[in-house]
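**Q** I need the structure of the sequence given here:
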Amino acid sequence: MPKKFAPADRATAAAPSAHSTGPRTGNPDTAIRLDGVTKVYGSGANAVHALRGIDIAITRGSFTAVMGPSGSGKSTFLHCAAGLDRPSGGTVTLGDQELTALGETALTRMRRDRIGFVFQAYNLIPSLTVEQNITLPLRLAGRRADAARLARITDQVGLTGRTGSRPGELSGGQQQRVAIARALITGPEVVFGDEPTGALDTMTAKEVLGLLRRTVDGLGQTVVMVTHDPVAAAYADAVLFLADGQIADTMLAPTAERVADRMSRLGAWA
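**A** Have a look, this model is predicted:
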């Protein structure tokens, strides 16, 4: 039977987090699922096995942090889960759609419409205003922004009154807020973050992590975040630990101290 993990006991969580491993069940509560996912770079004696049979289901409305030592496969995990890279084997399923079965055009459309991204680099266009940067995914899809939704999101991320500003007029934390708003504007099923606080000072990072936490609690958003920081991971409902391309452990209701201790005992340090 697939292994089950109990929901996180977090008083602030609007939606509980649970992770399971094993064959796909078609559970409507599952936001994204990886079954037997492998990723190999190169071939023969030069082959590098970045992922070695990943089986994981991530529940809708949960906040998951992905951690591991350098070379553990966490960035490859995010890229495969988000449809940015194709696995060498196995399947990735977003909701009811298997990403690994899609052609490039359909996959591009899927990423644009149903997945949000927040990276360490804000990736904002300097010549565009805050509002234009936020609504860019909609414009690329030929869709008009709903004024009420745009106002609600800019308010939630603390950018009311700054929508006419350009990125160069904003602090790093404000720019990352723009990036988060841009990730949310399409109503994605999952928001993936790749070290979203890596370029921020600790106070600004705390604000951004609190914002991500509130999108889960208040909006029911699913967030999957790669991070190296145990403090950042403590904002999540669960932490997925990778080592040598495999899932080493999952921790529910994490604290920075417990995460740091577990990180010291992964892979060759186990």
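**Q** going forward, measure contacts and count neighbours with C-alpha atoms only.
**A** Noted.
**Q** any chance you could map the strands in the stretch 151-270 of the chain?
**A** All strands of the stretch 151-270 of the chain, identified by DSSP state E, counting those that start in this stretch, fall at 190-194, 223-226, 238-243, 246-252.
**Q** Can you add distance to Leu200 and give those back as JSON lines?
**A** Formatted as JSON lines, the strands of the stretch 151-270 of the chain follow (distance: least, Cα to Cα, whole Å):
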{"stretch": "strand 190-194", "distance to Leu200": "13"}
{"stretch": "strand 223-226", "distance to Leu200": "15"}
{"stretch": "strand 238-243", "distance to Leu200": "21"}
{"stretch": "strand 246-252", "distance to Leu200": "25"}
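**Q** Can you add mean pLDDT, mean neighbour count and distance to Thr163 and give those strands back as TSV?
**A** Listed next are these as TSV, based on pLDDT from 0 to 100; neighbours: other Cα atoms under 10 Å; distance: least, Cα to Cα, whole Å:
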stretch	mean pLDDT	mean neighbour count	distance to Thr163
strand 190-194	96	24	22
strand 223-226	97	26	24
strand 238-243	97	25	34
strand 246-252	96	19	37
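**Q** Can you check which of these gets nearest to Gly142?
**A** Closest approach to Gly142 among these (Cα to Cα): strand 190-194, 21.2 Å.
**Q** Burial check on the closest residue to Gly172 other than its chain neighbours, number of neighbours?
**A** Once flanking residues are discounted, Gly172 sits nearest to Leu200: 6.8 Å by Cα to Cα, 6 or more residues apart in numbering. Leu200 has 16 neighbouring residues, counting by other Cα atoms under 10 Å.
**Q** Check what pLDDT Leu200 gets.
**A** pLDDT for Leu200: 91.
**Q** and Val157, what is it in contact with?
**A** Contacts for Val157 (Cα atoms under 8 Å, 6 or more residues apart in numbering) come out as 177-178, 180-181, 211.
**Q** so Thr38 sits right up against Leu51, yeah?
**A** Yes. Between Thr38 and Leu51 there is a contact under Cα atoms under 8 Å: 4.7 Å.
**Q** for the closest residue in space to Ala233 that isn't next to it in sequence, helix, strand, or coil?
**A** With sequence-adjacent residues excluded and distances taken as Cα to Cα, 6+ apart, Ala233 is closest to Ala65, at 5.4 Å. Under the three-state scheme (DSSP: H, G, I helix; E, B strand; the rest coil), Ala65 adopts strand.
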